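Trainee: give me a 3D structure for the following:
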Amino acid sequence: MQKLLDDSVTYAKSFPKTGAVASYIPELAKADPTRYGAAIALPNGRTLISGDTDVPFTMQSISKVVSLILALQTSGYDAVFKRVGMEPTGDAFNSIIRLETNTAKPSNPMINAGAIVVASCIQCEHPFEAMLQLTRKFCGNDQIGLNEAVYLSEKKEGKRNRAMAYFMQSEGILPSDVDVEYYLDQYFRMCSVAVTAPDLARMGMVLANNGVNPVTGERIAEGWQVRIAKTFMVTCGLYDSSGAFAVKVGIPSKSGVGGGILSAVEKRMGIGVFHPMLDAKGNSIGGVRMLEFLSERMGLHMFSEPETVAG
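Mentor: This next block holds a predicted model:
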């Protein structure tokens with residue numbers, strides 16, 4: 001398996017260098033496009049690594065998986081899905097068009113508008129701290145923290161997200177008795193949590209194990225909450241490339257414009273990949289290539305015949 005992981009990184013590097021790092025957030029534009037990293041976490045606690053797995057990057061939209069689970073934990077199913085839908089959009093992750101032309105209720109929790117609403121559903125005194133603690137548990141890493149520079153950059157440049165949030169409040173989707181900037185601040189902070197590929201792999205393993213850490217036996221999230229999150233990872237996890245990714249790779253996954261992708265192979269492994277060059281849809285180019293390679297070589301597609309994984 002280690003060789004396959006190494007080969008996946010080599011495979012991703014073999015393609016012509018296309019795409020670009022995220023530049024609409026100035027701090028993300030500083031990312032090194034030559035970095036490729038991949039990690040696999042197994043049920044026995046072993047984590048395999050290859051490439052630049054010590055390079056931290058911000059979760060960005062991957063944080064939407066954690067915030068959704070936290071919102072379900074603190075508010076419950078009905079309260080969350082009263083204000084956010086369950087359907088893919090076919091539009092860009094930061095599109096505003098459907099809010100006005102279709103319904104002010106965001107289509108799903110994996111687009112920016114939906115994630116802002118989900119942040120408002122986290123019912124606790126300190127939502128960001130609760131999200132950070134849950135991320136640390138999922139990843140098995142108490143050192144995970146906020147990238148302050150990215151957070152401030154996002155907060156300064158988040159004009160489109162502000163437009164969506166204020167519009168949704170005007171339509172009654174966001175509560176009117178709380179300053180919109182409070183919800184936006186929680187959202188910007190959540191996106192700016194820094195992780196590595198091994199962190200994502202370990203989180204993927206917990207998700208693949210129905211919310212239970214397979215090594216310690218600790219239940220981090222209830223099975224129904226994890227099931228909902230993984231379903232959205234399949235249908236909406238790679239923005240408006242989710243359908244093609246489901247056909248080619250077939251692993252519940254969530255990407256972020258920081259260059260990371262979180263993947264959960266049911267009962268078998270978690271995978272974390274990283275490459276900051278993005279395609280036109282906002283997905284990691286190298287990350288998708290690595291996952292395509294691993295899915296094909298290891299039979300990881302959700303509709304493949306199950307195989308025994310040996311470490």
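Trainee: and the helices in the protein?
Mentor: Shown for the chain, the helices assigned by DSSP state H span residues 2-13, 63-75, 77-81, 97-101, 112-120, 127-139, 148-157, 159-170, 180-191, 197-208, 223-236, 242-248, 285-298.
Trainee: which of those helices comes out lowest on mean pLDDT?
Mentor: For those, mean pLDDT drops lowest on helix 97-101, to a mean of 54.
Trainee: isn't residue 141 right next to residue 202, touching?
Mentor: Yes: Residue 141 is in contact with residue 202 according to C-beta atoms under 8 Å; the separation is 7.5 Å. (C-beta placed from N, C-alpha, C; glycine too.)
Trainee: for these two, indicate the residue with more neighbours.
Mentor: residue 202 (26 against 16; other C-beta atoms under 10 Å).
Trainee: was I right to think the more buried one contacts residue 136?
Mentor: No: counting by C-beta under 8 Å, residue 202 sits too far from residue 136 to count as a contact (10.6 Å).
Trainee: tell me which of the helices of the chain lies nearest to residue 42.
Mentor: helix 197-208 (7.1 Å; C-beta to C-beta).
Trainee: what's the burial count for residue 127?
Mentor: 24.
Trainee: separation between the closest residue to it other than its chain neighbours and residue 140?
Mentor: Spatial nearest neighbour of residue 127, excluding adjacent residues (C-beta to C-beta, 6 or more residues apart in numbering): residue 186 at 4.9 Å. From residue 186 across to residue 140, the span is 24 Å (C-beta to C-beta, to the nearest Å).
Trainee: now residue 7
Mentor: 26 Å.
Trainee: check contacts around the nearest residue to residue 123 once chain neighbours are set aside.
Mentor: Of all residues not flanking residue 123 in the chain, residue 74 sits nearest, at 4.3 Å (C-beta to C-beta, 6+ apart). Listed by C-beta atoms under 8 Å, 6 or more residues apart in numbering, the contact partners of residue 74 are 121-124, 130.
Trainee: buried only: go through those residues for me.
Mentor: Neighbour counting by 16 or more other C-beta atoms under 10 Å classes 121-122, 130 among the contacts of residue 74 as buried.
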